[in-house]
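Chemist: okay, here's the prediction I keep looking at, along with the sequence it came from:
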Amino acid sequence: MIQLHDVDLKLLRVFATIVKCGGFSAAQAALNAGQSTISEQMTHLETRLGVKLCQRGRSGFRLTEQGVAIHEATQRLLSAVETFCMDADVLKQRISGKLNLGIIDSTLTDRDSPLPRATQRFVSRGHDVHLSVYVGTPAELEERVLDNRLHLAIGHFPARIPGLAYDPLYRESLGLYCGRHHPLFGSELGGKALKDAIVASRIVVRGYMQQYDLDVLGVSKAAATVDNIEALAILIISGAYLGLLPMHVAEQWVRTGEMRQLSTQGDHLESPFDVITRRGVSPPILTAFLEDLTACTSGATRN
């Protein structure tokens, strides 16, 4: 059995950085070391572990099969070390370390989001914390929280994955929009006539909220699917598709005449935002941030 020492942890961190950067040359700035030094460190690590971790040369950088497995184990190990350090800090009555937060895209302009206020409140407490923010799709965020790469994530999560806790945070207002080149842009249709026109149009939906979007619009299938809001806006602006957009996102294009909101019958449209965490004991740094997030959330009740 391999016995790990301080130097091994250092070498594993070097390895993790190389993989993250995509190669030795790209990792030089992040590691503040020359390529020859990095190469020596990798050779030392491979000798310590007794396996070849990567192929490097003119063909580029590529992990071996053993390298992929060691990289996954390295991520788990470094996450466990980080968690230990954070837990140890609580004994000194202080919160320090790294907080890894995930969010979905295009939430900056949402005035209802408590995240900016919670972040300001958290930072103003003087915690010695480095905040790392990852923007991804709901599926990516769930995966990263589940394997401990993220402490928490905020977004739309229509499914429920075992091992994760889902708590309601706030709701985002939606509208149905068309671009100025769409036939409905200058139309005065309403009621059943508008509903029929919507059903006959090409619809773009959010992949992670596909069934919700289809049900709200009363259509059976989508003509296009996207995994982020920017792509959704592009297709709507093209004039070829109708789609549901967060109202705070669409506002800028409505103001310039690039989009128009179509009146739809029924209740006010909303998408729920949840905060997800991994089930189990939360490290102090996560507990402190969640407390500030809750304090800055109006109208949301945590379970």
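Modeler: Done, it's in.
Chemist: so where's this structure uncertain?
Modeler: Judged by pLDDT under 70, the chain has its weakly predicted residues at 1-7, 86-94, 264-267, 298-303.
Chemist: show me what the strand ranked longest in it is packed against.
Modeler: Using DSSP state E to assign secondary structure, the strand with the most residues in the chain is strand 164-179. Contacts defined by 3 or more CB pairs under 8 Å, 6 or more residues apart in numbering; DSSP states H and E place strand 164-179 against helix 138-146, helix 229-237, strand 242-246, helix 247-255, strand 259-262, strand 270-278. C-beta coordinates here come from the backbone N, C-alpha and C atoms, glycine included.
Chemist: if you compare these, which one is most tucked away?
Modeler: Most buried of the helices and strands packed on strand 164-179, by mean neighbour count (mean count of other CB atoms under 10 Å): strand 242-246, with a mean of 24.
Chemist: what's the angle from that strand to strand 270-278?
Modeler: Angle, strand 242-246 to strand 270-278, by axes from the mean of the first three to the mean of the last three CA atoms, to 10 degrees: 60 degrees.
Chemist: each with direction, which strands does strand 242-246 pair with?
Modeler: In the sheet, strand 242-246 lines up against strand 164-179 (antiparallel), strand 203-206 (parallel) (DSSP bridges).
Chemist: quick revisit: can you put the helices and strands packed on strand 164-179 in TSV and add distance to Thr17?
Modeler: TSV is the format used below for those (distance: least, CB to CB, whole Å):
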stretch	distance to Thr17
helix 138-146	18
helix 229-237	29
strand 242-246	36
helix 247-255	35
strand 259-262	43
strand 270-278	24
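Chemist: Phe15: which of these is closest?
Modeler: Distance to Phe15, taken as CB to CB, is lowest for helix 138-146 among the helices and strands packed on strand 164-179, at 19.6 Å.
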